[in-house]
Structure formats: structure tokens, C-alpha cells
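S.K.: when you get a sec, could you give me coordinates for this:
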Amino acid sequence: MKAAFYDRYGPPEVVTIREVGKPPLLDDDHILVRVHSAAVNPYDIFFRSGYLPVRLANGILKPRQTFSGGDMAGTVEAVGPGVDQFKPGDRVFGGGRGAHAEFARSQQKFLARMPENASFHEAAALPTVALTALEALRDTAQAQEGQTALIYGASGGIGHIAVQLARHYGMHVTAVCSTGNLEWVRELGAHEVIDYTQEDFTHNGKKYDLIYDTVGKRTFFNTRNSLTENGMYITEHILYPKYHALQMLLGILTGDRRMKIHLTQTNRPDLETIAGLVDAGALRAVIDRVYPLAQVAAAHRHVESGHTKGKVVVEVRPDQGGTAVE
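M.R.: Here you go, the predicted model:
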């Protein structure tokens with residue numbers, strides 16, 4: 001099979017396509033997925049580029065984990081003897097090891113049946129960003145109808161999902177993004193939009209029950225005056241984890257515990273919730289661009305630019321989900 005690998009840390013060009021054998025099913029609950037589409041996420045960039053915290057876990061000088069990709073959508077090819085939720089031929093989406101490949105190994109706890117109303121491209125775009133936004137809003141923020149939410153980075157992968165989910169939970173949504181993205185983000189459900197190139201929301205005098213920084217470009221301390229008394233600031237980005245940890249420590253020392261750093265893990269119950277929201281018409285993935293598997297390095301470069309509108313997808317099998325760029 002064809003699969004994307006990198007033997008060293010570096011720029012997108014270190015990712016190459018190779019012919020390798022199919023991943024074996026090593027445990028009873030393992031599932032082999034025939035991948036149709038796979039997403040490119042920021043963590044793919046962090047691992048490939050050798051971001052320092054990643055090196056501490058994945059090898060200082062060269063990577064131990066050399067495959068690319070995690071989020072995927074496809075059909076079940078084979079299952080281990082302990083799998084009771086899926087069978088060969090089922091259309092699934094979720095997380096797997098080395099998803100930028102024709103086949104990828106996963107576990108049944110990391111997969112769910114695809115939404116009926118989604119293509120493979122759309123389903124592959126959802127797992128990480130939708131799980132992240134869902135758990136941040138539903139669990140960490142405990143979003144309630146009538147609350148006010150500001151979504152910073154509203155046109156990005158997590159952000160465009162967060163806008164839709166916040167609206168679904170009945171929040172009054174203010175979306176912050178760049179000029180060219182204002183209209184389509186409004187179409188996703190934002191009640192108000194702010195162009196960050198023209199206005200700093202912290203200077204408009206408004207206060208929000210939730211400030212959700214989906215791109216890690218702001219800090220708790222430069223936004224806290226825009227929070228209501230019981231408001232919450234949530235950040236997702238791991239670009240400066242020590243810096244955010246310092247913010248949290250300072251918040252605790254000053255008695256202000258309204259800052260939360262949220263991380264998520266793939267799990268089937270929440271994937272099933274996401275599939276239900278998609279089928280109900282409450283949620284959809286916006287696809288910025290689709291690249292063929294042979295151009296996975298270009299897909300990495302696109303995501304690394306930091307200017308994606310929604311999600312970037314790798315098309316592994318060109319018979320499904322749309323047409324990749326050439």
C-alpha cells in the first residue's frame with residue numbers, strides 16, 4: 001500500500017510516499033480501515049516539524065513515530081476477534097495510526113459509523129476539530145442557552161465548528177476572523193462578526209460569558225476584562241503550552257480561575273454525537289482544499305501557513321467525496 005512517512009524532522013518536504021505492507025491487527029480490538037479520505041491537523045505539523053515538546057515524547061534527534069495522519073474516514077477492511085461494534089464494509093470515521101495511507105489501523109473505541117449526510121471528505125475533516133469544540137463547549141464551558149460566546153479564530157478548523165455548536169446550544173455567538181471570512185462564518189450561524197484586522201474586541205466594551213480562543217493567538221490576561229464576572233476563557237492551542245500553564249498559575253495565585261486549557265481525546269460516544277448533529281443538519285465541515293495523497297507534503301504546507309478556511313483534506317481514493325486539486 002501507499003503511505004506517507006518522514007524519517008527526520010523538518011519542512012513539509014520531508015514527508016514522502018512509500019510502498020509498505022498493510023498494518024497488522026496486533027490486538028483483539030484492532031480494526032483495519034481502508035482509508036478514503038484523511039484530514040491534516042496542526043498536530044501533524046507539530047510532529048513532523050519537530051516542535052520541542054513533541055521531541056521530548058517522540059525522539060530528540062529523529063522521530064520514533066514516522067507515519068503521518070490521524071483523522072480519517074473509510075470502510076472497515078478487517079476486524080480483530082474482540083471487535084463487536086463493527087464489521088467489514090462498515091463506513092466509519094475517527095482516529096487511526098498513519099491515516100495518510102491507503103490502509104490504517106485503529107481501535108473500535110476511536111471509531112464511529114459515518115454520518116449518513118456526509119461524504120468521506122467531510123467525515124474525515126470532523127473528528128479532532130469537532131470533538132475538541134464539542135467537549136470544550138458542552139463539558140468545560142457547560143454552554144447554556146442565552147449565554148454570550150466569542151469564538152476567536154472562527155474561520156479555522158476548530159473555530160468554524162465551534163461557531164455552529166455554540167449556536168446549536170442557544171448561545172449568542174460573536175465570531176472573530178479576517179475580512180475575507182466574515183460572510184461565510186456568518187452563514188454558519190454567527191450573530192455578530194468582528195474583523196480582527198480592523199478591530200480588537202477587547203476594546204469594544206462588551207463582555208462575554210465565554211471567550212473561546214481556538215488558535216492560541218490571545219491570552220487570558222489580555223482578554224479577561226472582556227469576560228463577565230463568571231465568564232470563562234478557554235484556549236486549545238498547544239503552541240505555547242508553558243506560557244499558558246504560566247497564565248493558569250498566575251490566575252490561581254490571583255484568585256482568578258476563569259482560564260481553562262482544554263485538550264481532547266478521540267472516543268466513540270462523542271463521535272456518535274457528532275454524527276447525529278451532522279445528520280440533523282446542525283453541523284457541517286467546511287473543506288478549504290483537497291489534495292491527492294501524492295501531494296500530502298503540499299497539504300502539510302497549506303495547514304502550516306495558518307490561513308486555512310475550515311479543513312484541509314487528503315484524498316486517498318479518488319472515487320469518493322469530491323475532486324482533489326492538482
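S.K.: where in the stretch 1-150 of the chain is pLDDT low?
M.R.: Within the stretch 1-150 of the chain, not a single segment meets pLDDT under 70.
S.K.: what about the strands in it?
M.R.: For the stretch 1-150 of the chain, the strands defined by DSSP state E, counting those that start in this stretch cover 2-5, 16-19, 30-40, 71-79, 91-95, 103-107, 111-113, 148-152.
S.K.: out of these, nearest to Thr140?
M.R.: strand 148-152 (12.3 Å; Cβ to Cβ). (Glycine included, C-beta is placed from N, CA and C.)
S.K.: so which elements touch that closest one?
M.R.: helix 157-168, strand 172-177, strand 208-213 (3 or more Cβ pairs under 8 Å, 6 or more residues apart in numbering; DSSP states H and E).
S.K.: one more time with 10 Å
M.R.: Strand 148-152 is packed against helix 157-168, strand 172-177, strand 192-195, strand 208-213, strand 227-235, with contacts defined by 3 or more Cβ pairs under 10 Å, 6 or more residues apart in numbering; DSSP states H and E.
S.K.: can you give me how far that strand is from the chain middle?
M.R.: The chain centre lies 18 Å from the centre of strand 148-152; the measure is Cα atoms, centre = their mean, to the nearest Å.
S.K.: that one to helix 157-168, inter-axis angle?
M.R.: Orientation of strand 148-152 against helix 157-168 (axes from the mean of the first three to the mean of the last three Cα atoms, to 10 degrees) gives an angle of 170 degrees.
S.K.: let's have the strands of the stretch 1-150 of the chain in a markdown table, adding mean neighbour count and distance to Lys62.
M.R.: What follows is the strands of the stretch 1-150 of the chain, written out as a markdown table (neighbours: other Cβ atoms under 10 Å; distance: least, Cβ to Cβ, whole Å):
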| stretch | mean neighbour count | distance to Lys62 |
| --- | --- | --- |
| strand 2-5 | 22 | 12 |
| strand 16-19 | 12 | 15 |
| strand 30-40 | 27 | 22 |
| strand 71-79 | 24 | 25 |
| strand 91-95 | 26 | 24 |
| strand 103-107 | 24 | 22 |
| strand 111-113 | 24 | 30 |
| strand 148-152 | 27 | 36 |
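S.K.: what's the closest of those strands to Glu315?
M.R.: strand 30-40 (5.9 Å).
S.K.: what's the angle from that closest one to strand 103-107?
M.R.: Going by the same axes, to 10 degrees, strand 30-40 makes 110 degrees with strand 103-107.
S.K.: just give the nearest non-adjacent residue to the residue nearest the centre of the chain, would you?
M.R.: Central residue of the chain (Cα atoms, centre = their mean): Val129, 2.6 Å from the mean position. What sits nearest to Val129 in space, not counting adjacent residues and going by Cβ to Cβ, 6 or more residues apart in numbering, is Gly157, at 4.2 Å.
S.K.: now tabulate the strands of the stretch 1-150 of the chain in a markdown table and tack on distance to His302.
M.R.: Shown next, in a markdown table, are the strands of the stretch 1-150 of the chain (distance: least, Cβ to Cβ, whole Å):
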| stretch | distance to His302 |
| --- | --- |
| strand 2-5 | 15 |
| strand 16-19 | 17 |
| strand 30-40 | 8 |
| strand 71-79 | 15 |
| strand 91-95 | 21 |
| strand 103-107 | 21 |
| strand 111-113 | 26 |
| strand 148-152 | 21 |
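S.K.: so which of those is nearest Val303?
M.R.: Closest among the strands of the stretch 1-150 of the chain, once you apply Cβ to Cβ, is strand 30-40, at 4.8 Å.
S.K.: what's the mean pLDDT across stretch 173-191?
M.R.: For stretch 173-191, the mean pLDDT works out to 96.
S.K.: so what's Ile31 up against?
M.R.: 25, 76-80, 83, 85-88, 90, 92, 94, 96, 104-108, 110-111 (Cβ atoms under 10 Å, 6 or more residues apart in numbering).
S.K.: chain center to stretch 307-317: distance?
M.R.: Averaging C-alpha positions (Cα atoms, centre = their mean) puts stretch 307-317 11 Å from its chain's average.
S.K.: ok, Tyr291 to Thr308 distance?
M.R.: Applying Cβ to Cβ, to the nearest Å, the value for Tyr291 to Thr308 is 12 Å.
S.K.: what's the overlap in contacts for the two?
M.R.: Val40, His302.
S.K.: just put the helices and strands packed on strand 148-152 in TSV and tack on distance to Thr140.
M.R.: Below are these laid out as TSV (distance: least, Cβ to Cβ, whole Å):
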stretch	distance to Thr140
helix 157-168	12
strand 172-177	17
strand 192-195	23
strand 208-213	9
strand 227-235	6
